[in-house]
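>>> Coordinates for the following, if possible.
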Amino acid sequence: MRFEQNQEVLTAAARGRWQGVLWPLLGLACLPAMQARAAAVDAPWSATSAYAYTLEDCNRPEPQRLLQAAAMPSTQARAYWLNARWIQWPGVAAADAVDLHYKLYFSSQGKLQARPGQAVQGADAHMSLLPFDQTLPAEVQSRFKFIGEGPRLQLPQELGREIAHWLRGQVLLVQEDGAGRVLASTAVQAPGALDDLYAAAQQHEELGVTLSPAPGTQRRAVPGATRFKLWAPTAQSLALCRYPSGHSPAAVAPQPLSRDDLSGVWQLELATSLRGQYYSYLVDVWVSGVGLVRNRVTDPYSVSLTTDSKRSYVADLSDAALKPAGWDQTRRPQRVKAQTDMVIYELHVRDFSINDESVSAARRGKYLAFTERQSRGMRHLRALSAAGLTDVHLLPIFDLASVPESGCVTPVVPPAAADSEVQQAAVMAVAAQDCFNWGYDPFHFNAPEGSYASDASDGARRILELRQMVQALHREGLRVGMDVVYNHTAAAGQHPQSVLDRIVPGYYQRLDAQGAVERSTCCDNTATEHLMMAKLMIDSAALWAREYRIDSFRFDLMGHQPRTVMETLQTRVNAAAGQPVQLIGEGWNFGEVANGARFVQASQLSLNGSGIGTFSDRGRDAARGGSAGDSGDASIRNQGWLNGLVYAPNALAPQRPLSDLMQAADLIRVGLAGSLRDYTLQTWRGEQRRLAEIAYGDQPAGYVSQPGEVVNYVENHDNQTLFDVHALKLPRETSREDRARVQALGAALTAFSQGVAYFHAGQDLLRSKSLDRNSYDSGDWFNRLDWSYQDNFFGSGLPPKPDNGAFYARLREPLSDASIKPGPAELSWSRDAFRDLLKIRASSTLFRLRSAEEVMQRLRFLNTGPTQNPRLVAGLLEGQGMAGAGFARLLYLINVSPQAEWLSLPRDLPAGWVLHPVHRAAGAADKRPLRDVRWAADGLALSVPARTAMVLVQPMPKQP
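Residues are numbered from 1 along each chain as shown. Below is the predicted model:
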């Protein structure tokens with residue numbers, strides 16, 4: 001069927017086909033009014049709205065206007081389009097009786113009413129559906145394996161793409177009795193049909209705005225045309241609002257876009273350059289339970305925006321005006337030759353400089369703070385780079401929804417006791433209006449965040465200044481990683497900060513069995529298994545790699561994305577950058593996609609062999625104790641290998657057997673061996689087991705195929721910092737000096753592990769968030785960094801009540817204990833000890849082995865099995881014949897005990913061990929290795945100082 005101005009009409013040819021073939025054979029029925037109006041009008045659904053576009057629509061404060069209210073409240077979507085012809089309705093009994101029927105009803109204006117026991121009212125047209133009993137194609141079965149059992153129904157084959165018109169209005173699936181009375185009804189989830197009908201949209205390489213000449217063509221001196229493209233296959237009409245500037249009060253006259261029926265892409269080409277102007281779209285679209293709505297919405301492919309993301313910005317990212325001086329000549333650092341070479345420092349843009357008085361006041365908390373080379377923060381990063389840091393990973397820098405870009409406030413925090421509630425009350429009173437948030441609430445994936453720019457109203461400033469930041473880091477030899485969040489959006493539905501769902505309702509978000517948006521990720525989940533959401537993610541990552549020279553990506557909750565999509569993305573970003581771009585992410589397995597319920601996930605157990613890295617909780621939990629979800633007394637009671645499990649119990653710790661410490665030590669060795677599936681370890685029980693055969697809860701401890709597929713860490717932005725964990729779990733009498741030493745032992749675990757090394761900014765400075773277990777919205781106060789090395793901010797008051805209040809009685813005890821808080825001496829020692837560890841890792845490729853075969857050949861653990869001393873871990877690395885090894889052998893030792901521990905060396909090891917050159921250097925932070933190591937008379941045993949990480953080496957034999 002074809003439609004004109006929301007009225008159904010049939011061409012003569014179509015009318016003959018329907019009447020002569022479909023009606024008698026397939027039971028297709030149209031309303032009498034429709035049959036009477038079937039005229040020979042051969043025109044598509046008009047691109048011109050039945051409701052006139054006005055300047056008021058472009059300028060009104062409200063971003064939506066209801067054109068036609070729905071005739072009935074929201075209808076659950078419990079059925080699924082499997083493709084454009086097949087529907088499955090889970091949970092509904094099959095219509096075995098002769099007098100039970102299934103019909104699909106359509107209304108372009110949303111006038112359908114389907115009340116039980118009555119005939120459907122308000123339909124423009126309807127058709128009868130027949131059972132479909134054939135075996136589904138494998139790809140369809142795979143995609144919809146998660147839905148429940150229910151009848152499968154088919155549309156007439158001859159309809160083909162005609163159903164595309166129905167999907168632009170209201171569609172209901174109804175089960176009726178023989179008299180046409182409603183027994184059950186439901187809306188139908190449309191992504192399966194949309195992906196089938198509009199697969200061609202994947203090939204559109206220029207969604208968003210393109211300024212002529214097109215990429216790849218020779219550029220002219222005179223600017224050319226401006227082309228707008230938006231994928232909106234269910235929209236009934238679409239128009240462009242243009243604004244001369246980001247703050248101009250009024251738009252020019254709205255201009256309609258035309259629709260490509262093959263792809264569902266709407267486009268408009270204007271024969272002039274609109275560089276530097278702003279725009280938004282008016283999208284007339286049916287929204288279930290709401291009606292026909294005119295949404296004013298920004299472009300999902302926006303490359304920049306004005307203040308608070310109200311308008312999209314027209315830009316060609318190749319324009320010289322959007323590049324800092326020397327941008328095209330500044331090379332990416334080439335220090336990472338393989339994924340295991342990465343040593344990462346995770347940093348928040350605002351945290352970096354907001355508390356740094358050595359930065360110009362106007363640039364604090366901004367991109368441009370990174371361009372001030374002599375600031376304390378940049379000197380700190382430069383020193384880390386010199387020691388061996390390769391990457392700075394930035395928490396989200398895409399456009400985010402939670403921080404006001406104009407008029408954000410800074411709370412006034414009054415002085416109060418270290419364990420007072422006053423500080424958090426002041427912070428939380430303005431949390432929704434302050435200038436801080438981690439930023440895991442995407443608004444526009446492709447545009448820089450405006451609150452970090454010097455002028456959020458100027459779309460060009462965001463682009464230019466973010467590039468200046470990247471350039472400044474590159475010039476210090478530091479690659480730039482980007483934390484990306486494609487697994488959810490800040491909002492869905494008709495929320496003003498919803499973009500995708502207000503353009504194609506019900507498509508970009510993942511829905512549950514009733515058609516509601518899944519929220520397992522904390523927010524409104526996206527469905528990257530759908531073709532155009534996958535395309536948006538891949539196009540976005542490629543843009544960041546190409547246009548901003550992002551060197552690596554960290555994917556938030558990557559396990560909610562399909563492995564196949566991530567592998568396609570890997571290929572695209574490599575091509576965009578012209579070199580390998582490393583991908584790492586959170587491979588947690590949970591929610592509606594858990595255990596491959598909907599697709600093969602990009603999760604820990606499903607990614608091995610892909611080359612994509614996932615964060616490992618194996619060594620992390622063994623080191624810290626308990627798990628990331630611990631709260632209450634468990635946060636104290638569940639000690640880990642680093643902070644006293646068995647050997648130094650705290651006041652709440654139960655009496656535990658030595659075998660618990662042995663199991664923890666084995667998991668520490670799992671992490672040091674890169675969590676490799678096939679690496680063999682003698683366990684505390686005396687068995688030789690592959691790491692995949694060692695249990696970690698209900699999962700294998702070893703889960704990756706290659707060392708580059710694991711990310712080792714003991715602290716990141718989530719949960720308590722390592723210092724705060726130790727403040728809770730170490731015995732209260734632990735000295736400040738020893739607390740700093742335990743912190744260094746945690747860093748040593750990461751530095752000595754095979755795989756990617758990942759550190760949280762400030763981990764080297766005993767960073768504290770005053771025991772906050774979730775500081776995403778805790779303001780600058782609880783997220784402070786001090787590059788002057790005077791304060792770690794422990795005791796800044798009780799942490800914010802929403803995530804910590806139930807535990808205040810326990811938190812007051814350590815916060816009020818002044819003996820826990822370190823002074824400048826401990827902070828400086830920790831800083832220097834951390835840099836020494838980076839130097840040790842950088843000194844030898846033995847810490848950065850590239851293949852599982854190399855790890856299995858070159859790494860073996862001493863002091864294992866049932867007779868082990870579980871307070872001491874020792875790893876032996878063989879360097880002969882390996883480029884970059886630097887040493888014939890290397891032996892690292894980590895002693896977590898509060899006292900010295902002896903290690904016996906195998907008799908087959910050659911003699912001639914010396915301390916690593918870093919330990920022997922005059923400026924070595926930790927004096928214990930050089931001062932306190934004791935050797936047995938026969939040279940076959942040594943005493944490792946208390947709470948010390950150290951490395952012994954044997955020089956390479958001299959070549960004759």
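>>> Look up how far Arg294 lies from Gly762.
Distance from Gly762 to Arg294, counting by C-beta to C-beta, to the nearest Å: 48 Å. C-beta coordinates here come from the backbone N, C-alpha and C atoms, glycine included.
>>> Between these two, which has more neighbouring residues?
Neighbour count, other C-beta atoms under 10 Å: between Gly762 and Arg294, Gly762 has more, with 27 against 23.
>>> Regarding that one, what are the backbone dihedral angles?
phi 90, psi -10 (degrees, to the nearest 10).
>>> so who does it touch?
Shown in contact with Gly762 (C-beta atoms under 8 Å, 6 or more residues apart in numbering): 721, 785, 792.
>>> out of the residues you listed, which one sits closest to Asn446?
Nearest to Asn446, judged by C-beta to C-beta, of the contacts of Gly762 is Leu785 at 28.9 Å.
>>> Tell me the secondary structure of Ala460, please.
What DSSP: H, G, I helix; E, B strand; the rest coil gives for Ala460 is helix.
>>> Longest helix of this protein, counting residues only.
Looking across the chain with DSSP state H, the single longest helix is helix 824-843.
>>> avg pLDDT for it?
Per-residue pLDDT values over helix 824-843 give a mean of 98.
>>> Going by neighbour count, list what's buried in it.
826-843 (16 or more other C-beta atoms under 10 Å).
>>> which outside residues touch the helix or strand Asp351 falls within?
If you go by DSSP states H and E, Asp351 is part of helix 349-354. When contacts are defined by C-beta under 8 Å, 6+ apart, helix 349-354 is touched by residues 359, 363-367, 369-370, 375, 377, 394-395, 397, 435-436, 449, 451-452, 469, 761, 780, 783-785.
>>> shaky segments in the stretch 151-300 of the chain?
Applying pLDDT under 70 to the stretch 151-300 of the chain flags the ranges 158-161, 213-223.
>>> same thing but 90
156-162, 205, 212-224, 246-250, 252-253 (pLDDT under 90).
>>> now the strands: where do they sit in it?
For the stretch 151-300 of the chain, the strands defined by DSSP state E, counting those that start in this stretch cover 152-154, 170-176, 182-189, 208-211, 226-231, 235-243, 255-256, 258-260, 265-270, 278-287, 291-297.
>>> picking that back up, just how off-centre is the longest helix of the chain within its chain?
Averaged C-alpha coordinates place helix 824-843 at 30 Å from its chain's average position (C-alpha atoms, centre = their mean, to the nearest Å).
>>> So for the helix or strand immediately after that helix in the chain, what gets flagged as buried?
Tracing the chain past helix 824-843, the next element assigned as helix or strand by DSSP H and E is helix 852-858. Within helix 852-858, the residues that count as buried by 16+ other C-beta under 10 Å are 852, 854-855, 858.
>>> In the contacts of Gly762, which residue is surrounded by the most others?
Going by other C-beta under 10 Å, Asn792 tops the contacts of Gly762 with 29 neighbours.
>>> thought it was touching Asp764?
No. The criterion here is C-beta atoms under 8 Å, and Asn792 misses it with Asp764 at 10.7 Å.
>>> Contacts only, for Phe443.
Phe443 makes contact with 309, 398-401, 489-490, 497, 499, according to C-beta under 8 Å, 6+ apart.
>>> CSV for these, including pLDDT and secondary structure?
Below are these laid out as CSV (pLDDT from 0 to 100; DSSP: H, G, I helix; E, B strand; the rest coil):
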residue, pLDDT, secondary structure
Ser309, 97, helix
Phe398, 98, strand
Asp399, 98, strand
Leu400, 97, strand
Ala401, 97, coil
Thr489, 98, strand
Ala490, 97, coil
Gln497, 97, coil
Val499, 98, coil
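>>> which ones are touching the residue positioned nearest the centre of the chain?
For the chain, Asp556 is the residue whose C-alpha lies nearest the centre (C-alpha atoms, centre = their mean; 2.2 Å). Contact partners of Asp556, counting by C-beta under 8 Å, 6+ apart, are 440, 483-487, 585-586.
>>> quick revisit: and of the strands of the stretch 151-300 of the chain, who's closest to Ser457?
Here strand 278-287 is closest among those (C-beta to C-beta), at 9.9 Å.
>>> Determine the set of other helices and strands touching the closest one.
When contacts are defined as 3 or more C-beta pairs under 8 Å, 6 or more residues apart in numbering; DSSP states H and E, strand 278-287 packs onto helix 55-59, strand 226-231, strand 235-243, strand 291-297, strand 312-313.
>>> Tell me which of these sits most buried.
Sort the helices and strands packed on strand 278-287 by mean neighbour count, taking mean count of other C-beta atoms under 10 Å, and strand 312-313 sits at the top with a mean of 28.
>>> And for that strand, what's in contact with it?
Strand 312-313 has contacts (C-beta under 8 Å, 6+ apart) with 209, 246, 276-280, 298-299, 302-306, 447, 459-460.
>>> any idea of the mean pLDDT for that strand?
Strand 312-313 carries an average pLDDT of 98.
>>> ditto for stretch 557-565
98.
>>> what comes up buried for that stretch?
557-563, 565.
>>> In helices only, show me the residues you listed.
Judged by DSSP H, the subset of these located in helices is 563, 565.
>>> Return the closest of the buried residues of stretch 557-565 with respect to Leu240.
Among the buried residues of stretch 557-565, and counting by C-beta to C-beta, the member closest to Leu240 is Val565, at 30.6 Å.
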